[in-house]
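Engineer: Quick one: sequence and predicted model below, then my questions.
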Amino acid sequence: DKNASIEKAYEKLQVISQDQKKRMEYEAREKAIRDHNQMMKEAVERGLKQGRAEGLERGRAEGLERGRAEGLEQGKIEAARQLLASGFDEETVIKSMNLSPAQIKALKE
């Protein structure tokens with residue numbers, strides 16, 4: 001690890017000690033690399049931020065949809081329970097609430 005760092009420093013020293021044109025070329029190249037790396041970093045951060053926002057929105061929408069579906073199902077079951085308690089026969093409740101016989105049986109237990 002130390003050797004790699006020393007080699008890198010030595011390489012920079014050699015470049016800097018060359019003529020002014022070479023030094024300017026080297027510095028321009030180093031700047032271009034830094035600029036490119038910064039642009040890539042910012043693009044990744046923007047992508048992650050946008051992805052998180054889209055993911056949150058998608059999660060909310062799916063959660064709302066699932067909540068509505070569960071709420072409707074619970075509402076149907078509660079209505080079926082009330083219909084049965086009011087004296088309606090099982091077949092009428094099954095057809096009117098669009099429930100299965102197993103669901104009606106579970107209500108009676």
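Structural biologist: Received, thanks. Numbers count the residues shown, from 1 in each chain.
Engineer: Show me the shaky parts of the chain.
Structural biologist: 1-2 (pLDDT under 70).
Engineer: State the distance from the residue of it most remote from its centre to Tyr26.
Structural biologist: The C-alpha centroid of the chain is most remote from Asp19, which lies 52.3 Å away (Cα atoms, centre = their mean). Remark: distance between Asp19 and Tyr26 (Cβ to Cβ, to the nearest Å) = 11 Å. All C-beta atoms are positioned from the backbone trio N, CA, C, and that covers glycine.
Engineer: what do you get for Leu83?
Structural biologist: According to Cβ to Cβ, Leu83 and Tyr26 sit 85 Å apart.
Engineer: Work out the gap between the longest helix along the chain and the centre of the chain.
Structural biologist: Looking across the chain with DSSP state H, the single longest helix is helix 20-85. Centroid displacement of helix 20-85 relative to its chain, using Cα atoms, centre = their mean, to the nearest Å, is 4 Å.
Engineer: just checking, next helix/strand downstream of it?
Structural biologist: Counting by DSSP states H and E, the next helix or strand C-terminal to helix 20-85 is helix 90-97.
Engineer: what's that next one packed up against?
Structural biologist: helix 20-85, helix 101-108 (3 or more Cβ pairs under 8 Å, 6 or more residues apart in numbering; DSSP states H and E).
Engineer: okay, the ones you listed in JSON lines with distance to Ile6 and mean neighbour count next?
Structural biologist: Shown next, in JSON lines, are the helices and strands packed on helix 90-97 (distance: least, Cβ to Cβ, whole Å; neighbours: other Cβ atoms under 10 Å):
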{"stretch": "helix 20-85", "distance to Ile6": "19", "mean neighbour count": "11"}
{"stretch": "helix 101-108", "distance to Ile6": "76", "mean neighbour count": "12"}
